[in-house]
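Asker: Take this sequence and fold it.
(chains A, B and C)
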Amino acid sequence: MKRSIGIFLIVFLFWTAAQAQTVSVLCSPDLAWCEQLGPAYKAATGNELEFVRLSSSEALARLRAEAANPTFDVWFGGTGDPHLVAFNEGITEFYKPSTWDDLLPSLTTAVGETYIPLYTGAIGFVVNEDLLAAEGVPVPNCWTDLLDPSYKDLLAMPNPNTSGTSYTIIATLIQLFGEEEAFNMLAQIHQNVAQYTRSGGAVGLLAGRGDVGVAIQFLHDGVKYTKQGFPVTNISPCEGTGFEIGGLSMVKGAPHPDDAKAFIEWALTPEAQMLAAQKGESFQVQSNKNTPVPPESPDLDSIKLIDYDFETYGSVEIRDAIVARWTNEIFPVPR
Amino acid sequence: MSAAPVKLSHVTKRFAKDVIAVDDISLEVEPGSLVTLLGPSGCGKTTTLRMVAGLERASSGQIFIDGQDVTQLPANLRDVTMVFQSYALFPHMNVFENVAYGLQVARRPADEIKKRAHEALALVGLEGLENRSTRALSGGQQQRVALARALVMQPKVLLFDEPLSNLDAKLRKRVREEIRDLQKSLGITSIYVTHDQEEALAISDVIVVINKGRIEQQGSPLELYTQPANHFVADFIGSASFLPGQYDGKTVSLANYQFDHEQTMSPGKVTVMVRPEAVMLASEGLKAQVLSASYLGSITDFLFQTELGEVMASIPGEGKMPLSKGDETHLRFKPAGIHLLKPSK
Amino acid sequence: MALSSSFSTVRSLRFSGAWLAAALALLGFLALPFGRPGRDFFTIDASLRPWALNSIWLWLVFLAALAALIISFLPLKITLRGNLLAIAGAIGLFSGIGWLMVTTTPFGLGAMVSLLALVIVTGFGLSESGRIQSDAFVSSSILFVGLFILLFILFPVFTVLKTAFWVGGQFSLGKIMNTLKSPLFMFLENPYTERRELLIISLFAIAGTLLGLLWALWKKQGFWRLALITGVAALLGFLLGLMLFAKGALPTSLFLAVIVSLFSTLFGLSFAILGQRTRLKMVSQSLNAISLLPIITPPFILAFAMIFLFGRRGLITYSVFGLSTNALFGIIGVSLAQILAFTPVAYLVIRGSVSALDPALEEASQTLGANRWYLFRTITWPLLRPGLANAFLLTMIESFADFGNPLILGGDRSYLATEVFSAFSARFDPNEAAVYGLVLLTIVLIVFSLQRVWLGESSFVTVTGKPSSGNLSPLPAWLEAILVLIFAFWTLIVLALYFSIIYGSFVQLWGINNTLTFKHYQDFMNAGWPVFWYTARTAALSAIPAALLGFLIAYLVVRQQFWGRMFIEFGSMLSFAIPGTVMGVAYILAFNTGPWLLTSSMAIILIAFVFRNMPVAIRGGVAGLAQIDPSLEEASTTLRASSSITLRRILVPLLIIPLIGGLIFAFVRAMTAISQVIFLVSPGNMLATVLLLGWVEQGQLGRAAAMATVLIVSMLLVVLALTLFTRNRSVSSVGVSS
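Answerer: You can find the predicted model right below:
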């Protein structure tokens, strides 16, 4: 027993020791993209990279939980709101990269000096036209189309209790139609929803497999499913739509601050950002204006983007209030 | 090898709060002698033995081996070994490995282990069986392996926990002789637990009769048989009949039958213990009627009804049944088979 | 007669063996930092060396270790020396732990070495003083096991309790009230529906009360029993109403658990009867194979495969039956997946009592000529009942604790087990997660104690049962036909599910583009293999201490008498009963900050695996020890072997088969676990099941199928290897002495 404890301790110590001197990344975009970071970063700089993939709200939860003893150096990607929350709570700190001026000005002005814009993408409908045709309903073009009872059991959207994407959808509706009207619409959409999913990316899969006809989510995720071979097309709502700014933040008290900065510098180069579409199955518009826009990406110029108020809707209180209202007033209504 | 004395001083073992298995036992074992703890099952004899081994620890009192207080010493640090009722041979080891185990644990050099294991096996007559699996041995052979395994350690004290109870009757007799011879020639202090009084009488230097956790009597087999201290001992060792009588310091009166008897005993009411072999048929004496008779060849066992109670008798036969059921006769007792006890309530 | 010259085998007791441990404690104290600045054990921070900290607590640790070293060599009476050692050890331990707790500094290497060494010192002391009546190995083991259970089972559970009641630094019932009032948890009266749920549920409760009262009166029960029966009936009525009409995690999970355990028990019973009585050899053989499936399959994989068979465009629902429905997502889908997964568990439990059933049944029917109903009521049912109840309650616990299936198929309903996770990781509300955990824990412990009280089960549920042999009368032909049909149908579905996973790993896009490809295996090799390999290594590394610790606990509990044995039994039982998600949230709450900081390391995953899978080994050890004559160990002891030598040279060789069984099952369970470790993965410490779940959620179906296939096949191989290994050694050779 004593001997086995000894052996165990030694093994344990070596294992822990082997984990030094790498940058730890909390990665929120698509797993395929996250997986490309390590090899590319090593090829470019010779340094090691470890990551864990967590959706943006899970990532925020994790960072909060570890605020006293951070394990991560950088938070890479994920919807901007949680990045803003993290910055406001002092979990992350702003680092101004040398490439700051190369980033799309529309993005940098929208976020100010809170987090670094990494990419942007718009909310829309990911539609399985085969299923809709089989069910005999038209392809929706506008938010208001979704209210039609003929879509019953054919819609899917994420649950705002677990998904940042879902919150962006609700916040978009509120900014388009006002809070009362937006909740009216949500109540009617609720009647048509077949399933609220836990994560924002999963709804497109439901549409792709033909479990639902219309998935409300980020359009670049829809592109991913199209590329994978699922029979889905992407539609941007006629009234206009909200968008996200994917964030990049340095964790406050990062265990390896220098590695964190080096990684951030690298991540904003066009070479690094091109990875997303080339190998990472991610088709957001990247923040560096020198990064070529992938041909598959939804053309943001042709999408009617609203003037999304990141400051207001990024605040924790407003977010909690909106999610609570949805949970209490919409979610329990039978359908 | 120096034989060591064992001493138990006011040893008590409590299991749960109020279950007393061994109650204030004091006992001295002479170096080189074989002492038997005898008693009915559940009387505490095995618990006493296990306390000497260290497999149980005394709740109070002290145990000394060779003058050293070992009361709190763990079993593996005591210089004793034990032969178990089930033999407890290690089933995954062969005969040699079983015998060598203790020496290996003590980290003796390999050639010494080999030499001594062979000696021990030779001692119990098992040379040549070293590589046998223990399961391929007969019960008697297994018993000897267990004995060799205990002897090879040259313990100060050797403990036996009902070692013969798994053998058949004939083998039992032979093995107990062998144990006795071996013990005597090696001069190892031994404590032996059994519930079989015949076995105890046959092998012991001293027998300690235990009942309900207490010592009833200790002494040589002869003492215990001829001068039992009480009804329990008299009844447990050998068989006996008990009759109420009177003693005036010189003469015993059983109803109208009187005979002389010398024993330091205060006059008054007594219980007269009568061994079956002390009973003789006579024309006068204690009046009796035959309740049953069984002819056993050399002797005939009778059960008589007398006015004082039933009397068992073993009468040497002379080729014919002297009496049969229902016959009336008189009984007389040989003095050697008579012992007076305090009257039982 | 001759025996070679004498030697003394008795080791000297002039000094205590504790000196070595005391010296180690001193060395650890002096050479290594007592605390650490953050997660890393190897950042040697000079300010955290004991003399730099200069705290009275730490000087006490030093003095205690020094005192123990000196006392070890003092020529005292052994019991007195033992007492002194135990006191010194305990003082050192308490002051060391006290300093860590008071300053909330994460423990460093020095603390680890010197505190563990002080435990051994205390163990020596307790043994030598006779307070623990065995040798130092056993008493140190008892202390270690007790401390481990305290630290890695009870302390996390306590932290959950604390987090539920202790919000923002003060005691508050607010979080509990808020959570319990949330529609996610339970929704009694739904203002958006026509019907009055609260009223209906109350009516159910009242109906229950009345029925209970009538029944008790009819049976002429005394007042207290009458009150009890009425109360239970009222509660049951209320729960039934709740399950049927309320919404939210509690009613959903409750409803699910009842449905799943009913059906699993029913199927388990059918299969048990079939397996014992059928003349078709193939059926009984495949039954045994099927009972292995849930062990080798990560729980959510079947759910994942079900989507492709029963989803809106599922092969069976749509292509075969032309149904276009989303009904799979929700209670129907989850209950189907759970019934498939838990029926084998029920089967294994019931098999034992079915085999006990037959002789009595046959004899009674032949000799007494009783009618069938009477026979059933008086003989069959009482014999069957414990097995059925056991299976029912066990599957109920499994259903409550199940995390993967609701996550994949749950639709938008909430379930207690997933809500623990969502509350923690998506809403980041540790207090809310703790409340959910507490609710789940309470329910599971109630069911568990019901099982123990009702059935008088020993701590470790026997999921074994020997199939009886002998000449049993065959089943009536019609019954056998029905049972075979059910079984065939069940097998077909299970096979179809497994096949669809394997198929999915070889085609471009499951269900849409059926071109054959090896691309997913390439993807798996690139993205999944390192994680898979890491998981296998971690699982293997955890299996060794899990099996050894389990065996040690079995040995201590079965063979040793000591104060606190009940505590160890209870603690180990707890680690078996607590749902994985609750333990996961408990670990992250307990080990994330403060003196026991361990999160984001391989260590915490190892520890989680060890304590989660240890009960399997305990069960194996308890069963194995029951087969071994204790006098074997006593013989070894009287031959001078310490208990560690006896364990190593006698018990381990004799129990090698259950030991290896425990090892393998600890490994397999670690490989397929998800509910607890999903909280604990960190950079560089990613696990295969968590990655697999991520892939499923992210729509990487092909490579998810590839990884699932690799996982299932490798676990199958491991379990098959074990079966072959144990079959080649006759079980009778496992030391049963005469």
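Asker: Could you identify the longest helix within chain B?
Answerer: Criterion DSSP state H: the longest helix present in chain B is helix B:169-186.
Asker: Off-centre distance for the following helix or strand past it?
Answerer: Using DSSP states H and E, the helix or strand that directly follows helix B:169-186 along the chain is strand B:189-194. Relative to its chain's centre, strand B:189-194 lies at 8 Å (Cα atoms, centre = their mean, to the nearest Å).
Asker: Buried ones in strand B:189-194, by neighbour count?
Answerer: B:189, B:190, B:191, B:192, B:193, B:194 (16 or more other Cβ atoms under 10 Å in any protein chain shown). For glycine as for every other residue, the C-beta is placed from the backbone atoms N, C-alpha and C.
Asker: of those residues, list those near chain A.
Answerer: Among these, no residue is within reach of chain A (Cβ under 8 Å from any Cβ of the partner chain).
Asker: Which of these sits closest to residue A:156?
Answerer: Nearest to residue A:156 among the buried residues of strand B:189-194, counting by Cβ to Cβ, is residue B:193 at 79.4 Å.
Asker: about what we covered before: quickly check: the longest helix of chain B near chain C or not.
Answerer: Yes: part of helix B:169-186 sits near chain C under the criterion Cβ under 8 Å from any Cβ, namely B:182, B:185, B:186.
Asker: Going by distance to chain C, which of those wins?
Answerer: residue B:185 (4.5 Å; Cβ to the nearest Cβ).
Asker: Show the contacting residues for the closest residue to residue B:166 other than its chain neighbours.
Answerer: Leaving out its chain neighbours, the residue that sits closest to residue B:166 by Cβ to Cβ, 6 or more residues apart in numbering or on different chains is residue B:139, at 5.9 Å. Residue B:139 makes contacts with B:166, B:167, B:168, B:171, as judged by Cβ atoms under 8 Å, 6 or more residues apart in numbering or on different chains.
Asker: Just give me the closest of those residues to residue C:377.
Answerer: Distances from residue C:377 to the contacts of residue B:139, taken by Cβ to Cβ, are shortest for residue B:166, at 46.1 Å.
Asker: so what's that closest one up against?
Answerer: B:85, B:86, B:87, B:139, B:143, C:738.
Asker: ok, now residue A:161?
Answerer: A:323, A:327, C:184, C:422, C:426, C:427.
Asker: Now for the residue of the stretch 101-250 of chain A found nearest chain B, how many residues are close by?
Answerer: Residue of the stretch 101-250 of chain A nearest chain B, by Cβ to the nearest Cβ: residue A:198 (53.9 Å). Residue A:198: 23 surrounding residues under other Cβ atoms under 10 Å in any protein chain shown.
Asker: quick one: secondary structure of the nearest residue to it once chain neighbours are set aside?
Answerer: Closest residue to residue A:198 apart from its sequence neighbours, by Cβ to Cβ, 6+ apart: residue A:162 at 4.7 Å. Three-state call for residue A:162 (DSSP: H, G, I helix; E, B strand; the rest coil): coil.
Asker: With pLDDT as extra columns, can I get the contacts of residue B:139 in CSV?
Answerer: Listed next are the contacts of residue B:139 as CSV, based on pLDDT from 0 to 100:
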residue, pLDDT
B:166, 83
B:167, 85
B:168, 86
B:171, 86
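Asker: of those residues, closest to chain A?
Answerer: residue B:166 (35.2 Å).
Asker: Now the phi/psi pair for the closest one, please.
Answerer: phi -100, psi 10 (degrees, to the nearest 10).
Asker: sorry, back to before: where's the residue nearest to residue B:166 relative to residue B:101, distance?
Answerer: 21 Å (Cβ to Cβ, to the nearest Å).
Asker: How about residue A:174?
Answerer: Residue A:174 is 81 Å from residue B:101, by Cβ to Cβ.
Asker: if we can go back for a sec, who wins for most neighbours among the contacts of residue B:139?
Answerer: Of those, with other Cβ under 10 Å as the count, residue B:167 tops at 18 neighbours.
Asker: what does the model give residue C:2 for pLDDT?
Answerer: Residue C:2 carries a pLDDT score of 46 in this model.
Asker: Mind jotting down where the helices sit in the stretch 251-400 of chain C?
Answerer: C:281-290, C:293-296, C:301-310, C:331-368, C:372-375, C:381-401 (DSSP state H, counting those that start in this stretch).
Asker: Lowest average pLDDT across those?
Answerer: helix C:372-375 (a mean of 68).
Asker: For stretch A:186-204, give the mean pLDDT please.
Answerer: 88.
Asker: Spit out the contact partners of the spatially closest residue to residue C:251 that is not a sequence neighbour.
Answerer: The shortest distance from residue C:251 to any residue other than its chain neighbours is 5.0 Å, reached at residue C:242 (Cβ to Cβ, 6+ apart). Contacts of residue C:242 were listed using Cβ under 8 Å, 6+ apart, and they are C:186, C:188, C:201, C:250, C:251, C:254.
Asker: can you do 7 Å?
Answerer: Residue C:242 sits next to C:201, C:251, C:254 when contact means Cβ atoms under 7 Å, 6 or more residues apart in numbering or on different chains.
Asker: Then residue C:146?
Answerer: So, once contact is read as Cβ under 7 Å, 6+ apart, residue C:146 ends up touching C:564, C:567, C:568.
Asker: re the thing from before, ok, residue A:174 and residue B:101, which is more surrounded?
Answerer: The neighbour comparison of residue A:174 against residue B:101 (other Cβ under 10 Å) goes to residue B:101, with 26 against 22.
Asker: which secondary structure element contains the closest residue to chain C within the stretch 51-200 of chain B?
Answerer: Chain C sits closest to residue B:102 of the stretch 51-200 of chain B, with a gap of 3.4 Å, by Cβ to the nearest Cβ. Assigned by DSSP H and E, residue B:102 belongs to helix B:95-105.
Asker: Just to be sure, residue C:164 is in a helix?
Answerer: Yes: per three-state DSSP, residue C:164 lies within a helix segment.
Asker: quick one, what contacts it?
Answerer: Taking Cβ under 7 Å, 6+ apart as the criterion, residue C:164 is in contact with C:175, C:176, C:431, C:434, C:435, C:438.
Asker: run the last query once more with 6 Å
Answerer: Neighbouring residues of residue C:164 by Cβ atoms under 6 Å, 6 or more residues apart in numbering or on different chains: C:434, C:435, C:438.
Asker: Kindly state the pLDDT recorded for it?
Answerer: For residue C:164, the predicted pLDDT is 90.
Asker: Distance check, it against chain B.
Answerer: To chain B, residue C:164 is 40 Å away according to Cβ to the nearest Cβ, to the nearest Å.
Asker: Tell me how many other residues crowd residue 176.
Answerer: In the absence of a named chain, chain A is used. Residue A:176: 17 neighbours (other Cβ under 10 Å).
Asker: my bad, chain C
Answerer: Residue C:176, neighbours per other Cβ under 10 Å, totals 18.
Asker: Can you tell me which helices and strands the strand or helix carrying it packs against?
Answerer: Per DSSP H and E, residue C:176 falls inside helix C:174-181. Packing contacts for helix C:174-181, counted by 3 or more Cβ pairs under 6 Å, 6 or more residues apart in numbering or on different chains; DSSP states H and E, involve helix C:430-455.
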